[in-house]
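Q: model this:
(2 chains)
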Amino acid sequence: MGAYLLRRAVQAIPVLIGISLAAFLLIHLVPGDPARILLGAQATPKAVATLHEQLGLDRPLPTQYLNFITGAVHFEFGESLSQKVGVGKLIGTRAEVTLLLLMMATLLSITIAVPLAVAAALRRNRPVDHSIRLFSMFTFAMPSFLLGLLLILFFSLKLKWLPTSGYGSGFGGHLRALILPALTVGLYLAPILLRTLRIGIIDTLGTEYIEAARARGLARRLIIFKHVLKNSVIPTVTVLGLNIGFLLSGLVVIENVFSLPGLGSELVTAIGNRDYPTIQALTLVFGVSVVAINLLTDLLYSYLDPRVRL
Amino acid sequence: MVLVLSIALGVTVTACGGSSSTESTGGESAESSEGGGASESKEAAEGSEETPGTPVKGGVLTFARSEDTSPGLNPIGLPTNGSIFVMQQIFDQLVETEGDKEVHPGLARSWESSKDGLHWTFHLREAEFSNGEPVTAEDVKWSIECFANPKIDVSYAFLAESIKDVKIDDPKTVTIDLKKVDAPFLYNLAVYAAAIRPKKVVEEIGEKEFAQHPVGSGPFMLKQMVVGQQTSLVPNPHYWRKNEPYLEEVVFQYVPDANTRVLKVTSGEAQVANEIPYNQVEQLNEAEGLEVQVQDTYSWSSVFLNQTKPPLEDEKIRQALNYATPKEAILESVFHGFGEVSNSNTPKLKFWDSSVQPYPYDLEKAEELMAESSQPNGFKLELWVPGGEPAVVQTAEILKQEWAKIGVNVDIVPKETSALISAWIEGKGGMAATWSPLGNSSDTITDDEIVGLILNPDAGLHSNGTYYDNPKVTKMMTEARETLDENERAQIFSEIQQIALNEAPSVPLFFTKSLTAVHDEVKDFSTFPIGWWPLREVWMEG
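A: Presented below is the predicted three-dimensional model:
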């Protein structure tokens, strides 16, 4: 196990270097000059030159990349060009929002998906199954900004239960503020889980060992939760892991609709501003997270299915 | 408690004239409402369309805002409108601009200039920073020197390039000497970058830290700033206009999504929301208890034409494009009528001449001009637009249809905004480009800055990427700058406006409006054309 973890960590290094280099090159290849953006429309060439010098943008690209890598090794990502604060600090506060949101959304989506998947699989091709499928198609197909706005209209404007947007203050406030966005993400994520889980359960239900369990007269509840679910869940875990990795940076729309200061909107702002240090650091953070989530998924496999040896 | 007390006090406040230069009975600090109140004259006396009712103290104003307060609140640095508009609540300049096109006293209660316009003497009022320290002549000298230093003030030092030297005459008098006559000088002193900052504090904590902990002499001071979320301001207890501000707190909430801003203000979580989408104004006006304010701005929208790209060097073609543009129709269909058809390549600043005739929509005239031009059979025009701006893209679609009628085959190329503007200014963009009107806005109320940037090939932006170059116009700009008589200046700028409109370096579309939803209980709220809001005057009813 220890050796496995070490091997995976070593394997991740070239992946991360590759990601950071690609991000660095791509953003520098895209036209657009951070100095000009910072200075605004009235940027005189003299001011642009002064700022290039002050920001270190006049140095050759390989030097800039080396500086970035040396810093990154020491967890030093420099200062955001547009926001004038340390990139580490900037990402830290925003990561909290995104992580909390993703955690709540994941929990919600599991809460929604698992019972529905079980219900649908057990009553396959019956009205229950059809209506569940229709529901999931509906929430999955609906653009998240629209779903978010509808939820705000209903829960905030009509019922006045929850704030329309923002991050609230204090931990309780954060949780309250995140309910609607988490529900929006959860409703997007749930159908994906539901589909894979439903198929998994149907497959498992047809296996001989379940047949055997039934024959032995085990309680139905026990069969479903202990034997069926545990054995059907592996593909769903993979799908969930992949989606969480994607959503780390992919929550821009939700963050915008709910005015949440998360990582996704930060990435979009940083790209718009050509804020190189922030973009590079964020890419690296996303890279590390995806690698870590994949690793976690693999570890979860071996827990769920002891036949999987690490 | 405070509220009840101030209502009682409020009754005794009478509006008497001669406001702006009124000396405050300095020294005494207005910790709460029992401060200046009774004996003080009300500032707003000069305004004619005042809402009836006497301002009362108290109330928290929550403002759902499209922009974040970033990067910090230091007037020297590289602020965005997100931070500048908040800084205007915290800092004072020697002189101020308001909703009109004049300069008003700020920290200088009065000033005079020598006959030749080279020496400007400012008489400072008794004022204190929010830390209780007095605003001294030393602070003023140092602040203006920072403003004028291109190494420190990278972005706006060009507005102060005429300054030779700042002298302290006595503790309450400062004289600024100029290298040359600079007519817009006084107006440029009202720009945010010329804010008076406490020298001691900045030197002690440094420029970077100052951006997080600003200290100014303006009506408000910073209570808390959470990047990406919200910024709250509370009254500066040492503010020199002893009655103001009225609000107990202002909370700017960063709400980037326009629909969410609308919901925020509809639900009552916010009392003010800016940048209301054009298509939601009507619906908001129908809602109870709020109204959308439509106000003039110094922003405008144009299709810029790069005249180094053939066949756009042909003036007739550029004029034909102007005639073939149905501005009224675009204004109605895309912008729901919120705007004004433009008669100028630059915005409605101080010397804008309303009598100049805009290009009418006249296809016959456009066809005639095309027939006389170098491309009587038409040509292909590459038009760059920011892909993420629906209103701009819709405008481009209409132009494509309309210009096809005179044989101009428009190829719309969507681009990311930053990439578009950078490439365009450097002449590496398409033949024509347009972008969000909010991308064009003036920092000053005189025309010198913007007219220079848009029409002067030597100002560094290649006439905003149009490569327009008329030596006569360039010479007139210099002349305007060196002319002190405002009537003569108006004459020159009017002539520039007319010449440039004829020569058509761009297809001017509209002067844009600011759309701000404001709850009824919020009184005396307005948006200045330059972009910010005089929040010191705002008060809340009930």
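
Q: In space, what's closest to the residue of chain B found nearest chain A - neighbours in sequence excluded?
A: The minimum distance from chain B to chain A, using CB to the nearest CB, falls at residue B:228 (2.9 Å). In short, each C-beta sits where N, CA and C put it, glycine included. With sequence-adjacent residues excluded and distances taken as CB to CB, 6 or more residues apart in numbering or on different chains, residue B:228 is closest to residue A:261, at 2.9 Å.

Q: Residue A:93 is in contact with that neighbour, correct?
A: Yes: in this structure, residue A:261 is within contact of residue A:93 by CB atoms under 8 Å, at 7.2 Å.

Q: Would you mind identifying the next helix or strand past the lowest-mean-pLDDT helix or strand in chain B?
A: Least confident helix or strand, chain B: helix B:2-12 with a mean of 32, by mean pLDDT, DSSP states H and E. The helix or strand immediately downstream of helix B:2-12 is strand B:60-65, counting by DSSP states H and E.

Q: got the contact list for that following strand?
A: With contacts defined as CB atoms under 8 Å, 6 or more residues apart in numbering or on different chains, strand B:60-65 is touched by B:247-255, B:260-261, B:264-265, B:269-274, B:522, B:535, B:538, B:540.

Q: can you check stretch B:351-368 too?
A: Residues from elsewhere that reach stretch B:351-368 (CB under 8 Å, 6+ apart): B:319-329, B:341-344, B:346, B:405-406, B:446-447, B:489-490, B:493-494, B:497-498, B:501, B:508.

Q: What about those, which are in helices?
A: B:319-323, B:327-329, B:489-490, B:493-494, B:497-498, B:501 (DSSP state H).

Q: Low-confidence ranges, the chain, go.
A: In the absence of a named chain, this looks at chain A. A:1, A:41-42, A:309-310 (pLDDT under 70).

Q: let's do chain B instead
A: Filtered on pLDDT under 70, chain B yields the residue ranges B:1-52, B:438-439.

Q: check contacts around the residue lying farthest from the centre of chain B.
A: Farthest-out residue of chain B from its mean C-alpha position, per CA atoms, centre = their mean: residue B:377, at 42.8 Å. Applying CB under 8 Å, 6+ apart to residue B:377 gives the contacts residue B:407.

Q: thought residue A:24 was touching residue A:68?
A: Yes: in this structure, residue A:24 is within contact of residue A:68 by CB under 8 Å, at 6.7 Å.

Q: Give the intersection of the neighbour lists for those two.
A: residue A:280.

Q: Show me what the longest strand seen in chain B is packed up against.
A: Taking DSSP state E as the criterion, chain B has its longest strand at strand B:290-305. For strand B:290-305, the packing partners by 3 or more CB pairs under 8 Å, 6 or more residues apart in numbering or on different chains; DSSP states H and E come out as helix B:281-286, helix B:315-323, strand B:432-433, strand B:506-519.

Q: by contact count, what packs against the last one?
A: Counting by 3+ CB pairs under 8 Å, 6+ apart, the packing neighbours recorded for strand B:506-519 are helix B:258-267, strand B:272-273, strand B:290-305, helix B:315-323, helix B:327-335, strand B:339-341.

Q: Adding mean neighbour count as columns, could you present these in CSV?
A: Formatted as CSV, the helices and strands packed on strand B:506-519 follow (neighbours: other CB atoms under 10 Å in any protein chain shown):
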stretch, mean neighbour count
helix B:258-267, 23
strand B:272-273, 28
strand B:290-305, 21
helix B:315-323, 23
helix B:327-335, 18
strand B:339-341, 19
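
Q: closest to residue B:207 out of those?
A: strand B:290-305 (28.2 Å; CB to CB).

Q: What would the closest one look like as PDB? C-alpha coordinates only.
A: Taking C-alpha atoms only, strand B:290-305 is exported to PDB below (Å, rounded to 0.1, in the frame of the first residue of the first chain):
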ATOM      1  CA  LEU B 290     -38.300  50.500  -6.900                       C
ATOM      2  CA  GLU B 291     -37.400  52.300 -10.000                       C
ATOM      3  CA  VAL B 292     -34.600  52.000 -12.600                       C
ATOM      4  CA  GLN B 293     -32.700  55.300 -12.900                       C
ATOM      5  CA  VAL B 294     -31.500  56.000 -16.400                       C
ATOM      6  CA  GLN B 295     -28.600  58.400 -16.400                       C
ATOM      7  CA  ASP B 296     -26.100  59.900 -18.800                       C
ATOM      8  CA  THR B 297     -22.600  58.400 -18.900                       C
ATOM      9  CA  TYR B 298     -19.300  59.300 -20.500                       C
ATOM     10  CA  SER B 299     -19.300  55.900 -22.200                       C
ATOM     11  CA  TRP B 300     -20.000  55.400 -25.800                       C
ATOM     12  CA  SER B 301     -20.200  52.800 -28.500                       C
ATOM     13  CA  SER B 302     -18.600  52.900 -31.900                       C
ATOM     14  CA  VAL B 303     -17.400  50.600 -34.700                       C
ATOM     15  CA  PHE B 304     -13.800  51.600 -35.100                       C
ATOM     16  CA  LEU B 305     -12.300  51.400 -38.600                       C
END
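
Q: sorry, back to before: would the residue farthest from the centre of chain B count as being in a helix?
A: No: counting by DSSP: H, G, I helix; E, B strand; the rest coil, residue B:377 falls outside a helix, being coil.

Q: burial measure for the residue nearest to residue B:228, as a count.
A: Other residues lying near residue A:261 total 24 when counted by other CB atoms under 10 Å in any protein chain shown.

Q: what residues are up against it?
A: A:93-94, A:97, A:167, A:255, B:226-229, B:254.

Q: For these, work out which two are farthest apart.
A: Checking these with CB to CB, the most distant pair is A:255 and B:226, at 15.1 Å.
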